[in-house]
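Asker: I would like the atomic coordinates for the input below:
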Amino acid sequence: METIDSEDGSSNSKSLVVRLEEAPKKIFDVMTATSKNYLTHMIGVVKSYLPQFNLAPIAKGIAPNCSDEKLRDYCKESEVIAEEILKNMAE
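Answerer: Got it, this is the predicted structure:
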């Protein structure tokens, strides 16, 4: 529980039940912040190679003309690259 408790220590005065009820949101918040950090890094890497590329449409999600099958193929193809990016970030 201490991992997801607030940093100010105020949760110590809360009952265990209240703290457990708050845990899912705190875990989600940590996951969101972590994901944002990785996405920001990844998008920055893309921009470093293609500074002229407009990334705004990516925020809208999958391209309308992209099939689910094609997206799965792109994701599978990107998996090796994602692993390499994460390895480089850890160094």
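
Asker: residue ranges of the helices in the chain, please?
Answerer: Counting by DSSP state H, the chain has these helices, from start to end: 16-49, 68-90.

Asker: reformat the ones you listed as a markdown table; add distance to residue 60, mean pLDDT and mean neighbour count.
Answerer: To be clear about C-beta, it is placed using only N, CA and C from the backbone, and glycine gets the same treatment. Converted to a markdown table, the helices of the chain look like this (distance: least, C-beta to C-beta, whole Å; pLDDT from 0 to 100; neighbours: other C-beta atoms under 10 Å):
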| stretch | distance to residue 60 | mean pLDDT | mean neighbour count |
| --- | --- | --- | --- |
| helix 16-49 | 14 | 91 | 11 |
| helix 68-90 | 14 | 90 | 10 |
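
Asker: as a markdown table, these with distance to residue 57 would be great.
Answerer: As requested, those are arranged in a markdown table below (distance: least, C-beta to C-beta, whole Å):
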| stretch | distance to residue 57 |
| --- | --- |
| helix 16-49 | 12 |
| helix 68-90 | 15 |
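
Asker: the one residue sitting closest to the centre of the chain and residue 41, how far apart?
Answerer: Most central in the chain under C-alpha atoms, centre = their mean is residue 35, positioned 1.5 Å from the mean C-alpha point. According to C-beta to C-beta, to the nearest Å, residue 35 stands 11 Å off from residue 41.

Asker: same thing with residue 21?
Answerer: For residue 21 relative to residue 41 (C-beta to C-beta), the value is 33 Å.

Asker: surely residue 43 meets residue 54?
Answerer: No: using C-beta atoms under 8 Å, residue 43 is not in contact with residue 54, being 11.9 Å away.

Asker: ok, back up a step: who wins for proximity to residue 62 among the helices of the chain?
Answerer: Closest to residue 62 of the helices of the chain is helix 68-90 (C-beta to C-beta; 5.8 Å).

Asker: name the helices or strands packed onto that closest one?
Answerer: When contacts are defined as 3 or more C-beta pairs under 8 Å, 6 or more residues apart in numbering; DSSP states H and E, helix 68-90 sits against helix 16-49.
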